[in-house]
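Asker: Below are the sequence and a predicted model for it; my questions follow.
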Amino acid sequence: MQTLAERLAIYTNSLHYEDLPEDVIHEVKRRVIDSLGCALGAYNSEPVRIAMEVARPVESTYSASIFGTKKKTSPDLSAFANGTMIRYLDYNDTYLAKEPAHPSDNISTALSIAEAERKGGRDLIAAIVIGYEIQCRLCDAASLRAKGWDHVTYGAFSSGLVAAKLMDLNMEQTVHTLGLSGVANIALRQTRTGELSMWKGCAFANTARNAVFAAILAKHGMTGPSPIFEGEKGFMKLVSGYFELGDFGGKESHFKILDTYIKFYPAEYHSQSAIEAALKLKSEIGDIDTIESIEVRTFDACYEIIGSGAEKWNPKTRETADHSLPYCVAVALKDGKVELNQFSLGRIKDPILHRLMQKVRITRDAELNRQYPEAMPNLIEIITKDRRRFSKKINYPKGHPKNPMTDKEVETKFKTMAANILPTGQIDIILDKLLNLEYIKDVREIMDSITVSKQ
C-alpha cells in the first residue's frame with residue numbers, strides 16, 4: 001500500500017513548470033515580490049541581525065546568499081537568515097483552515113536551494129507551487145494548534161519537498177527527506193502563547209533550515225524513518241491524528257496558492273478585518289476621547305489566537321502587539337493608519353494607547369464563527385460618552401482572495417518596504433526581474449541584485 005510520503009514524493013517529482021496555468025504562475029511572482037519586500041523591510045531588525053551573525057561566518061562550496069549582502073553561506077543557514085527576514089514583520093502571506101499557515105515561509109528554502117543549484121526562474125516557480133500546495137493541503141486536513149503543536153511543523157514536509165524538488169532528488173531520496181525532516185521538527189505552540197518573543201518570527205525559518213539539511217543528507221545517502229506519517233510512532237499517531245489528503249493541484253484540481261491571502265496590514269491575519277473596520281470607524285467618530293466602550297465580536301480562532309490573555313491588553317514586545325487584537329484596534333482608532341511604525345516599541349508603550357485598549361472587549365460570536373474560514377468576519381461596535389453608537393463589520397479584508405490586492409498595490413508594498421535600504425533605481429531593477437521571473441536563467445541573478453550598499 002502506498003504511503004503518504006510516497007504519494008507526496010510522486011507529486012513533487014511529477015509536477016513541472018509546464019503544468020502550471022498562467023494565473024498560478026502570475027500569483028507566484030506576486031508572492032515572491034511580496035515576500036522579498038517583507039524581507040527588505042525587516043533587514044535592520046534585531047532578530048535578522050542575530051540570524052546574520054550566525055550565518056555569516058559559515059562558508060561552503062555549496063552556497064547561497066544572505067538577502068541584502070554579498071555574503072554566501074551554507075544553504076541551510078541561508079534559508080534560516082532569509083526566512084527570518086521574510087517572516088519577522090508578520091507581513092507575509094497567510095492561509096487559514098483547520099491549521100493556519102504562512103506558506104510564503106517556504107520561499108526562503110526555494111530561493112536558497114535554487115541559488116545553490118544554479119536553477120532558473122521556472123524551476124523556482126514550480127518548487128514554490130509545491131511548497132504552497134503541500135502546506136495548505138496539510139492545513140486543510142488536520143489541526144495542530146488544537147493539540148498544542150505549532151503550525152510550522154507542517155513546514156518540515158512542505159519545505160523538505162521544495163528542497164528535494166530543486167535538488168532533483170529521486171523518489172526514494174524525497175521520501176527519506178520527508179522522514180528526516182518530519183521526525184525531527186515537531187514544534188511547540190508555546191512559540192505563540194503568552195508574551196511573544198523574537199522566536200515567533202524565526203520558528204519557520206528554523207524549520208526551513210532543518211528541512212534543507214534533511215534534503216542534503218538524503219542526497220548523500222542518509223535514510224530516514226518510515227513510514228513517517230502512518231507509522232506506529234509516526235506523525236498521525238502522535239501529532240496530528242489520522243487524516244487523508246485529497247487531490248493535489250493539477251489538471252483535475254486547482255492550486256492552493258490561489259486560496260491564500262496577502263496582508264495589507266503588518267499584523268496577524270485574523271486582525272485584518274478588525275483593523276479595516278476600525279479605520280473606517282475612525283473617520284466617523286473623530287475624537288477618540290469621546291469613546292466610552294469598544295466591543296469586537298469575532299470568531300473562535302481570532303479570539304483564541306489574538307483576542308484572549310492578559311498580555312493582549314498590555315503588550316510589551318512588537319511580537320505580542322502584532323498578535324493583539326485590542327492593540328491593533330486601538331492603534332487603528334488612535335492613529336488612523338496601521339503601518340510598521342505602529343508596532344515600534346515607542347508606539348507600543350504609549351499610555352494613551354494603553355488606556356484605549358482597556359476599553360476594548362472581545363466576545364465570541366456564533367454566527368461569525370460559522371462564517372470562518374470562508375470569511376474573516378470581525379464586527380466592531382463603539383459607544384461614545386454621549387451614547388452615540390457606531391458599528392462596522394468587515395468579512396473580506398483587503399488582500400483576501402475575494403477582495404484581492406491589485407498588482408500595483410503589491411508592487412507599492414514592495415517599494416515601500418525596500419525604500420528604507422535601497423535606492424529607487426535599484427528597486428525598479430529588482431522589481432523588473434521579479435515580474436519576469438520565468439525568464440531568469442539563474443536565480444543567483446536575483447540574489448545578487450538585492451545587495452544593500454551599506455552591509
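Answerer: Great, that's in hand.
Asker: Grab the nearest non-local neighbour of R7.
Answerer: Leaving aside its sequence neighbours, R7 sits nearest to L245 (Cβ to Cβ, 6 or more residues apart in numbering; 7.6 Å). Backbone N, C-alpha and C define where each C-beta goes, glycine included.
Asker: how about that neighbour, secondary structure?
Answerer: Here L245 is coil, with the state taken from DSSP: H, G, I helix; E, B strand; the rest coil.
Asker: Repeat that for M222.
Answerer: With three-state DSSP as the basis, M222 sits in coil.
Asker: Test my guess that it contacts L180.
Answerer: Yes. Counting by Cβ atoms under 8 Å, L180 is a contact partner of M222 at 6.5 Å.
Asker: quick one: which of the two has more around it?
Answerer: Between M222 and L180, counting by other Cβ atoms under 10 Å, L180 is the more crowded of the two (25 against 16).
Asker: Can you tell me the SS state at that one?
Answerer: Applying three-state DSSP: L180 is helix.
Asker: wait, isn't it in contact with A218?
Answerer: Yes. The pair L180 / A218 is scored as a contact, 6.2 Å apart, by Cβ under 8 Å.
Asker: Find residues that contact each of the two.
Answerer: Common neighbours of L180 and A218, using Cβ atoms under 8 Å, 6 or more residues apart in numbering, are G224.
Asker: quick revisit: check the residue nearest to R7 and give its pLDDT.
Answerer: Among the per-residue scores, L245 shows a pLDDT of 96.
Asker: isn't it right up against L4?
Answerer: Yes. Assessed by Cβ under 8 Å, L245 is found in contact with L4 at 6.9 Å.
Asker: and this protein, what are its domains?
Answerer: Following the assignment in automatic domain parsing, the chain carries domains at 4-264+429-449, 269-394.
Asker: quick one: average pLDDT of the shortest one?
Answerer: In this model, domain 269-394 has an average pLDDT of 97.
Asker: and T177, how many residues sit next to it?
Answerer: T177 has 34 neighbouring residues, counting by other Cβ under 10 Å.
Asker: what's near enough to touch the residue nearest to the spatial centre of the chain?
Answerer: For the chain, the residue nearest the mean C-alpha position is H102 (2.6 Å; Cα atoms, centre = their mean). Each residue near H102 by Cβ under 8 Å, 6+ apart is listed here: R87, N92, D93, T94, Y95, H151, F204.
Asker: quick one: the fourth one and K263 touch, right?
Answerer: Put plainly, it is T94. Yes. Taking contacts as Cβ under 8 Å, T94 lies within contact range of K263: 6.5 Å.
Asker: For those two, indicate the residue with more neighbours.
Answerer: Taking other Cβ under 10 Å, T94 and K263 do not tie; K263 has more neighbours (25 against 21).
Asker: Surely that one is within a helix?
Answerer: No. Per three-state DSSP, K263 lies outside any helix segment and is coil.
Asker: Would you mind measuring from it to G399?
Answerer: Between K263 and G399 the computed distance is 6 Å (Cβ to Cβ, to the nearest Å).
Asker: Find the residues that touch each one of the two.
Answerer: Taking Cβ under 8 Å, 6+ apart as the criterion, K263 and G399 both touch Q272.
Asker: Tell me which of L245 and L4 has more neighbours.
Answerer: More neighbours surround L4 than the other of L245 and L4, with 22 against 16 (other Cβ under 10 Å).
Asker: My guess is the more buried one contacts S226. True?
Answerer: No. Counting by Cβ under 8 Å, L4 stays clear of S226, with 10.7 Å between them.
Asker: Please identify the deepest-packed of the domains of the chain.
Answerer: A comparison of the domains of the chain by mean neighbour count, using mean count of other Cβ atoms under 10 Å, puts domain 4-264+429-449 on top with a mean of 21.
Asker: Can you pull the phi and psi angles for the residue nearest to A141 when sequence neighbours are not counted?
Answerer: Sequence neighbours aside, F243 is the residue nearest to A141 in space, at 3.9 Å (criterion: Cβ to Cβ, 6+ apart). Phi and psi for F243, reported as degrees, to the nearest 10, are phi -150, psi 160.
Asker: wait, doesn't E445 sit right on K433?
Answerer: Yes. Using Cβ under 8 Å, E445 is in contact with K433, at 6.8 Å.
Asker: hmm, back to that, out of the contacts of H102, which comes closest to Q173?
Answerer: When the contacts of H102 are compared for distance to Q173 (Cβ to Cβ), F204 wins out at 23.3 Å.
Asker: would you say the closest one is within a strand?
Answerer: No. Applying three-state DSSP, one finds F204 to be helix, outside a strand.
Asker: Hmm, it is touching F80, no?
Answerer: No. With contact defined as Cβ under 8 Å, F204 does not count as touching F80 (9.8 Å).
Asker: and for those two, which residues touch both?
Answerer: Contacts common to F204 and F80, judged by Cβ under 8 Å, 6+ apart, are absent.
Asker: name the element A274 belongs to?
Answerer: Assessed by DSSP states H and E, A274 sits inside helix 272-285.
Asker: helices or strands up against that helix?
Answerer: strand 291-298, helix 325-335, strand 378-384, strand 389-394 (3 or more Cβ pairs under 8 Å, 6 or more residues apart in numbering; DSSP states H and E).
Asker: Now render the ones you listed as CSV, adding distance to L8.
Answerer: Output for the helices and strands packed on helix 272-285, formatted as CSV (distance: least, Cβ to Cβ, whole Å):
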stretch, distance to L8
strand 291-298, 35
helix 325-335, 36
strand 378-384, 35
strand 389-394, 37
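Asker: Out of those, the one nearest V48 is which?
Answerer: Closest to V48 of those is helix 325-335 (Cβ to Cβ; 22.7 Å).
Asker: Tell me what angle the closest one forms with helix 272-285.
Answerer: In terms of direction (axes from the mean of the first three to the mean of the last three Cα atoms, to 10 degrees), helix 325-335 departs from helix 272-285 by 30 degrees.
Asker: Now do helix 325-335: distance to the chain's middle.
Answerer: Mean-position distance between helix 325-335 and its chain equals 22 Å (Cα atoms, centre = their mean, to the nearest Å).
Asker: what's in contact with that helix?
Answerer: Helix 325-335 has contacts (Cβ under 8 Å, 6+ apart) with 265, 267-268, 270-271, 274-275, 278-279, 281-282, 285, 288, 291, 294, 296, 298, 302, 306-307, 312-313, 315, 320-322, 338, 342, 347-348, 350, 352-353, 356-357, 360, 362, 380.
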